[in-house]
Structure formats: C-alpha cells, structure tokens
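> Below: sequence and its predicted model.
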There are 2 protein chains.
Amino acid sequence: MGHRMETHSELLVYIENRADREPAYAITREIWNKVIEAGLPVKAAFHMDTQPDFSDLGRADVFVGSGFDTERLRLHAPKLKIIHCTSAGVDRYLPLDWLPATACLTNSSGIHADKAREYATMALLMLATRLPKHLSDQRAHRWDPSLSGVAVGLRVLLVGLGSIGSAVADAARILRMPVEAVTRHGRTSTQVDRVGTIDHLHDFLANTDILVLCCPLTTETHGLIDQKELASMPTGAGVINMARGPILSTQALLPALSSGHIAGAVLDVFDTEPLPSDSALWDAPNVIITPHVSCDTPSGYTERSLQILKRNLARLVNDTGGFENVICPVQGY
Amino acid sequence: MGHRMETHSELLVYIENRADREPAYAITREIWNKVIEAGLPVKAAFHMDTQPDFSDLGRADVFVGSGFDTERLRLHAPKLKIIHCTSAGVDRYLPLDWLPATACLTNSSGIHADKAREYATMALLMLATRLPKHLSDQRAHRWDPSLSGVAVGLRVLLVGLGSIGSAVADAARILRMPVEAVTRHGRTSTQVDRVGTIDHLHDFLANTDILVLCCPLTTETHGLIDQKELASMPTGAGVINMARGPILSTQALLPALSSGHIAGAVLDVFDTEPLPSDSALWDAPNVIITPHVSCDTPSGYTERSLQILKRNLARLVNDTGGFENVICPVQGY
C-alpha cells in the first residue's frame, strides 16, 4: 500500500506531437482535457518532437506519441511505465530491445475499424468493377465499356484477421463475397468461411480472386507476397495492400501487372513513404495509389486513441495491471 | 374467343441483336431457349440490326432489341403488340409518336439493381475518401495524405427514386449516410429519410454533401442540374451521375470543378456516348469517368431482361393484359 500511495502522487504524461504531421492528428490540451477525466491524478506536458524537453522526459511516467525516436526514450526516459503509440502499426519500433524493462509499449489497434471497413469496401468494388482499367482508359481518353463485373461471388483472401482484417471481412460479407483468411495461428473464426495457417498460403491463393493484406509487418510477413505467391493466383486476380509496404514485393508486382496476370492493385502502403516521385508504381498499369489513408481518418482519431490510454492510465493509477493493447515483445504486435 | 384462338396460332418474336454491341449482351438462341419456356406458342427469329429482315418484321407480333431504329418499326412492323427494350433507359425513343397504336413499349427497368447498388457504394466511398484528388495526385507523382474522410454521416440527395434510386438508397443506408430524395411526385418512402418534389430541389441541394442523379431523362429532367443548382450546394460537395448525361450540364460542371466548389464527380453517362476523345471532361480535375457501366453487368443480364418479356408473353398469349414495365407515353418512363 505504501508503494501505491507513492505512485499516486501525480503521474507525469509526456505528450509528443510531430511537427511534420497533419494538425488534425495533434494531441491538443483541449482534446486531452475532453478525454482524460479530471479525476485521474495525471499531469500532461506537451512538447514537439523537434524540441524535446529532457527534464520532463526524465521524470515522465507515461509517453504518448507516434513515429517517435526509440533511442531518445531509451537514453532519457528511465521512469516510463507506459509508452502509448497513437498508431496501430508498431513495426518501426521492432525489435523492442530498446524498451525499458519497466515499460509496456501499447498501440492504438482497434480504432481504425470504421475507416478500414469503408476503404476495404471501396477497394474491393474498384477491383470488381475494373476501375484501374477504366482509369487507365480515362488517361488515354479511351472509351471501352467491355469490361465490367460485379463483386458478388468473387473470392476474397485476407492475410491477417486482427481488427483491420475483421473490418475487411465485414466489408466483403456485406458485398456477398466469400471470404477466407490465413493467420499465424489458423484459429477458426465466425467472421470468415475458412481459416488456415500461413504455411497453407499457396493453397488458398490458388482459389483467390482478390487478395487483401491486412496483417502486421513482422519478420515473418516481410516479403510474404513475392513472385511465387502472385503466380499462384488465378490470372486476372487483384491485390489490395492496406497493411505495410514490405509485405508485398514491388519488384514482383510490377511485372505481374504489366503481363496482366494481376489485373489490378489498390495500394495504400509502400516500402518508403512518402512514395518517392520516381517510383515505377505511380505509372504502372492498373494500379490505384492512395497515400496511406486506408485506416486513418482525422475525425475523432486522437480521441479514440486517448480512450485506450485513459483506460490504461486508470489501471496504472490503481495498480490493477492488465493493460490493453500491449505489444508482445516476441510476436511484435 | 375466336379472336383469342386466332392470336394463339403462334406468335412471331423478332429478335434484333446489335453488331456494335459487346457479344456478352447478345440474345442468343441458347439463352432464349433457356429462359422462354417451350410451353409458350412463340417462334423466335434472330436478325442483326445491320441486316434487317423486312418480311419477318412485317409478320412479327413482338420485337426485342435495344438501341433500335424506331422509324424502321413504324414503317415495317405494323403488327407489333410488344416492343421489348433490353435497356432500362428509353429516352432515345421519346416522344413515342412512332409507336404503333396497337403496341406497348416495355423496358428492362429493375434488372440493374444489384450492379447499381455496388456502383453507388463505390462512387459514394470514392467521393468520401477524396479518391478523385488522390488520383490527380497519382498522375502528378504527388504524395498528399492530408485529405481523407469517412462516408458515415455525409448527406446524400437522390434525384429519382425508381429501381436504381432505391438501390442507391440501400447503398447509402448501409454506409450510414443520411439519404433524402426528390422525385416527381414527392411521395414519402421508407427507403429515405425525407422526400420532396422536384420544385424543392434547391432547398435540398443546400444541405447535400453528395448528389446522386438516378432519374429517367425526360423533358423535365433535361438540364435539371445546371450552374444555379451546383452553386446551391455547399462548397466541397460531390456529384454522381448514373442516370443520363444531359440531366447534368457539362458546361456548368467544368468550372465548378476547376474552382473546387464541386470537389469531385463520378460520371458514368454523358451527352454523347462514347464520350468524344476531345471532351474536356477526360482531363478535368477531380473527375472519375466510367464508360456507362454503372448499372449493367453482362453476367445474367440478358436472362433477366428476357424474364420480364417471358411474363409479358404469357399475358399476351393468354390475353390477360396487365403487361409489366410498360412505358407511359405521357411520362416517358
């Protein structure tokens, strides 16, 4: 109890905003006050990533940010108990060997489901309608109504069935598309028609019209979809990447698009972001590029991320443990 | 009864296929035999539009086709009782002063709902996601993630609430977008939140984020959405035309797109189709062009159109009347 009283004094939350990020994603004092109840004995200090306050960092119990410098935290923030990332993907922080032994890394997985469902619905329909082809025609001022299809009945394969994958499964089911998934564990799920483990990927790919990547980027998923995997898919298949760029090999995708074996791709994530202006993807045939917006929407985003933190702060204050959205240092998600 | 016995002898159905049309839409003898029951005393004659058989035309009781020459029917097909159009839109045949007094014109309205629902879902999501902007950025190799939104909550206005409009209303409701409609009669409907008559169009437009045109082209709807109507909409609004080109003024739309007042347009229909290669629309900012595919899909299309004809043939054979999908010569739809 003496220990609890001590930690109760007042927690310092170090909030880092990014100078290079869309202001709509900023954690402002107004949003903080709105979401985090006055009842919690916490004090927030707001700093920009370009102007760190090492004194506050050294005293901070909790850190909140995204795209942060892990080395800075390792060297200057010895007291951290929670490092809360306002993104879902934490691949950029792996491996977690920099994480202080006393600290948990938490992410914002789960707050992206509504936007992800909408994006997936749009992307599935765009591939079913052959929109990438229609857009190439538009650029060439060419009218070719011969290609058109419906989504109903096209077979969807998800790689990954976390909160984004579940949202994609919802989208596909509403469109009356049969959905299968491969996951690390292959546990059956009521959300899809069939689940397999990742080592059965090729069997699944052979019966897939549209492949949707919606898994975390880990050492296991890095380069998962390469030349051989694309070749396993039926001619005319489509690919959607709303996970992370390096899961899908650009080198393998480009010739598959040029040959027409892959009829269309909707890509939201890339090996390097921003996608360099000299990337061959911009002008590749039958590709639709969106700038990493598939799962994020500014409206209410920060609030939803802080809701997760708020529940974890209450657990920290009350010393109950059981934090949610903790990244496993071994699995990396 | 003597009259009925006489017409029972055997009905001649003149089927006209178009030389310039996608073969997937052809009415083949195989599809005919599959759909039209052997039990009906009808005989089908198959001819191409480019090689009419005036002898068969002169004897035909029923004509089936699309994009047909009304003058040819007026002059050479005096016995027709049903002229069945395999499209939904019949604006090209208006006014119906060429229609033999003994004949009904029927269309294929209602068979497009599944495809229309998918297209509307895609188009609504593309506008909500600012996809037209992302595609302009893609052409310029430009990465700009600043614009992104969700569809949930955006206000949709339908012009027209027939079978296509109902399908669009379904799509919007599933996306949790509030939907209103203006129609000729303004009759309330459980499918939308509010209905008004067309003379209240401006009041509705002022509260609309995305306008969807899904009404027939008639003298009343020709040029309905012009400069004043677009100006009535809030800045940043979007427009979807899946009805007929002349309902939306291209001359009014182009400057509204250039100024950004209209943030995006998804256009499937045009004043002239194919859209001429020198049309300013191809390269206009924030426009997505599809080649009149929003409501048609080759899979099962002809079968679904012939199902309507089949029911009307049975009525003709049994002299029961009450044909379905008859075009009203006054309203023109």
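Done, it's in.
> In three-state terms, label A:Ala181 for me.
Using DSSP: H, G, I helix; E, B strand; the rest coil, the structure places A:Ala181 in strand.
> brain fart, A:Leu105
At A:Leu105 the chain is in strand, as set by three-state DSSP.
> what do you get for the one 3 residues further on?
Here A:Ser108 is coil, with the state taken from three-state DSSP.
> what about A:Arg29, how many neighbours?
Neighbourhood size, A:Arg29 [other C-beta atoms under 10 Å in any protein chain shown]: 10. Placement of C-beta: from N, CA and C, glycine included.
> For it, list the residues it contacts.
Neighbouring residues of A:Arg29 by C-beta atoms under 8 Å, 6 or more residues apart in numbering or on different chains: A:Ala44, A:Phe46.
> mind checking the backbone torsions on it?
phi -60, psi -30 (degrees, to the nearest 10).
> Need the pLDDT of it.
We have a pLDDT of 92 for A:Arg29.
> swap in A:Asp296?
For A:Asp296, the predicted pLDDT is 79.
> Could you tell me whether A:Gly332 really is in a strand?
No - A:Gly332: not assigned to a strand; according to three-state DSSP it is coil.
> what's the burial count for it?
A:Gly332 has 18 neighbours, counted by other C-beta under 10 Å.
> Return the distance of it relative to A:Arg244.
A:Gly332 sits 12 Å away from A:Arg244, going by C-beta to C-beta, to the nearest Å.
> A:Glu229 too?
A:Glu229 sits 16 Å away from A:Arg244, going by C-beta to C-beta.
> More neighbours: the two, which one.
Remark: of A:Glu229 and A:Arg244, A:Arg244 carries more neighbours, 24 against 20, as counted by other C-beta under 10 Å.
> Tell me the secondary structure of the closest residue in space to that one that isn't next to it in sequence, please.
Nearest non-adjacent residue to A:Arg244, counting by C-beta to C-beta, 6 or more residues apart in numbering or on different chains: A:Leu217, 3.7 Å away. The three-state label given to A:Leu217 by three-state DSSP is coil.
> For A:Leu217, give me the pLDDT.
94.
> Name the residues contacting each of A:Gly332 and A:Arg244.
Common contacts of A:Gly332 and A:Arg244 (C-beta under 8 Å, 6+ apart): A:Asp91, A:Pro216.
> residues contacting the closest residue to A:Arg194 other than its chain neighbours?
Leaving aside its sequence neighbours, A:Arg194 sits nearest to A:Glu180 (C-beta to C-beta, 6+ apart; 4.6 Å). Residues in contact with A:Glu180, defined by C-beta under 8 Å, 6+ apart, are A:Arg155, A:Val156, A:Leu157, A:Leu158, A:Val192, A:Asp193, A:Arg194, A:Val195, A:Gly196, A:Phe204, A:Asn207, A:Thr208.
> element containing A:Leu201?
Element membership for A:Leu201, per DSSP states H and E: helix A:201-205.
> Now do the helix or strand following that helix: which elements does it pack against?
Where DSSP H and E defines the elements, the next helix or strand beyond helix A:201-205 is strand A:210-213. When contacts are defined as 3 or more C-beta pairs under 8 Å, 6 or more residues apart in numbering or on different chains; DSSP states H and E, strand A:210-213 sits against helix A:113-128, strand A:156-159, strand A:237-241.
> Contacts for the helix holding A:Leu201 next, please.
For helix A:201-205, using C-beta under 8 Å, 6+ apart, the contacting residues are A:Leu157, A:Val159, A:Glu180, A:Val182, A:Gly196, A:Leu211, A:Leu224, A:Lys228, A:Glu229, A:Ser232, A:Met233.
> Poorly predicted segments of chain A, please.
Across chain A, the ranges flagged by pLDDT under 70 are A:1-8, A:147.
> Identify the residues contacting the nearest residue to A:Pro298 once chain neighbours are set aside.
Nearest non-adjacent residue to A:Pro298, counting by C-beta to C-beta, 6+ apart: A:Ala24, 3.3 Å away. The contact partners of A:Ala24, by C-beta under 8 Å, 6+ apart, come to A:Pro298, A:Ser299, A:Tyr301.
> And for A:Gln307?
Counting by C-beta under 8 Å, 6+ apart, A:Gln307 touches A:Val35, A:Ile111.
> Please save the CA atoms from the host helix or strand of it in CSV.
Using DSSP H and E, the secondary-structure element containing A:Gln307 is helix A:301-318. C-alpha atoms of helix A:301-318 as CSV (Å, rounded to 0.1, in the frame of the first residue of the first chain):
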residue,chain,number,x,y,z
TYR,A,301,-8.9,9.8,-34.3
THR,A,302,-6.9,11.2,-31.4
GLU,A,303,-9.9,10.9,-29.1
ARG,A,304,-10.2,7.2,-29.9
SER,A,305,-6.5,6.6,-29.3
LEU,A,306,-6.7,8.5,-26.0
GLN,A,307,-9.6,6.4,-24.9
ILE,A,308,-7.3,3.4,-24.9
LEU,A,309,-4.7,5.3,-22.9
LYS,A,310,-7.3,6.6,-20.5
ARG,A,311,-8.3,3.1,-19.5
ASN,A,312,-4.6,2.1,-19.1
LEU,A,313,-3.9,5.2,-17.0
ALA,A,314,-6.7,4.2,-14.7
ARG,A,315,-5.1,0.8,-14.4
LEU,A,316,-1.7,2.3,-13.7
VAL,A,317,-3.1,4.7,-11.1
ASN,A,318,-5.0,1.9,-9.3
